[in-house]
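Peer 1: Let me see the structure of the following:
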Amino acid sequence: MTANSLGGIIRTLRKERGLTQEQLAEGICSPVSVSRIENGLQTPSKAVLDALMDRLGMSSYQLFDVNAGSKEQREFDRRIQNAWLAFDGLDARRGRALLEELQTSIDDGSPATERQRLLEVDGASMLRNGCTPTDAMRALTLLEQGLRLTKPGIDPSDLRDELLSPTEAQILSHMVAALYYAGRDIEAVRLSEEILLSLKRQQAQGHRFLTAWLNVMVNLAIIEEKREHFDESTLYLQQARRRSLDEEELIMMPIILAGLARAKFREGDVAAATHMMRTVADYLDLCDKDDYTQDIRSWAQEHMDVEL
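Peer 2: Numbers count the residues shown, from 1 in each chain. Model prediction:
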């Protein structure tokens, strides 16, 4: 743990104030959590970080002014983001090449959080259109390995006492998709419920927590639609749409609107369903998301007898 890392700064400030880990943690989190935060094995939620910094006599804003991250950390973040963007843009070959480049520079001595993010992107990249149950199980294995780098004793079936970092929350949300693609729908629903309760309990805020929440809600909607629990599916999509708009996070909006269009069709409003699906398909065309567009057009052709 470097001195200018988040954990390193918290440790330095704690010692300067003459506090033990138990004294710093009292009423905020467990002493074990403080230890893990200081050693770079856990990222605190905004609420926990704010409380810790308040006790240390410093605001979170001052902290991040001091600690923008090392040059190496910023470079790693840039490269992992480029790999993720390549996969998200359906350029699997480029994404895989970028990921392999990163893997050659990471070893067992690298920070656990960096190895964790590599495993997250590697596993999540397999969960695309056409994912087979075998692919899904391989992805699930990688994601679980990544999760246990910072949460070695975690029980995904009981997250009530877990303080999740943004990366941990995102990994768990990808695990929901992996379970779904593996045909383990009931397990996927149960894990989703645990994640949502955990995020609510810790009052998780921030872009990456929101993305994890949206992933879980959309996957829940897809699973419930498959199980023909249409009211539940629509409710999840409506909640996801409302929060996406409220917090101006629109990355999942095309998938949300496509799901709501299917709901409109089931309700008998073919005109509204057709309009929504055509709008989404045209937008995805502009974004070069051909696989997603083809799925929407195929569904419209098969179920609505409509060409978009």
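
Peer 1: Straight-line length of stretch 222-239, end to end?
Peer 2: With Cα to Cα, to the nearest Å applied, stretch 222-239 spans 14 Å between its terminal residues.

Peer 1: Need the pLDDT of the closest residue to residue 86 other than its chain neighbours.
Peer 2: Nearest residue to residue 86 in three dimensions, chain neighbours excluded: residue 95, at 3.5 Å (Cβ to Cβ, 6 or more residues apart in numbering). Every residue, glycine included, has its C-beta placed from N, CA and C. Residue 95 is assigned a pLDDT of 85 by the prediction.

Peer 1: ok, now how distant is residue 95 from residue 83?
Peer 2: In this structure, residue 95 and residue 83 are 5 Å apart, going by Cβ to Cβ, to the nearest Å.

Peer 1: Show me where the stretch 101-250 of the chain has its helices.
Peer 2: Ranges of helices within the stretch 101-250 of the chain are 112-125, 133-150, 166-181, 185-201, 207-226, 230-246, based on DSSP state H, counting those that start in this stretch.

Peer 1: just checking, which of those sits deepest inside the structure?
Peer 2: The highest mean neighbour count among the helices of the stretch 101-250 of the chain, using mean count of other Cβ atoms under 10 Å, belongs to helix 166-181: a mean of 25.

Peer 1: from the chain's centre, how far out does that helix sit?
Peer 2: Between the centre of helix 166-181 and the centre of its chain there are 7 Å (Cα atoms, centre = their mean, to the nearest Å).

Peer 1: what mean pLDDT does it have?
Peer 2: Across helix 166-181, the average pLDDT comes to 94.

Peer 1: who does that helix touch, helix- and strand-wise?
Peer 2: In this structure, helix 166-181 packs against helix 112-125, helix 133-150, helix 185-201, helix 207-226, with contacts taken as 3 or more Cβ pairs under 8 Å, 6 or more residues apart in numbering; DSSP states H and E.

Peer 1: Report the central residue of this protein.
Peer 2: Taking Cα atoms, centre = their mean as the criterion, residue 170 is the residue nearest the geometric centre of the chain, at 2.4 Å.

Peer 1: ok, that residue to residue 211 distance?
Peer 2: Computed with Cβ to Cβ, the distance linking residue 170 and residue 211 is 7 Å.
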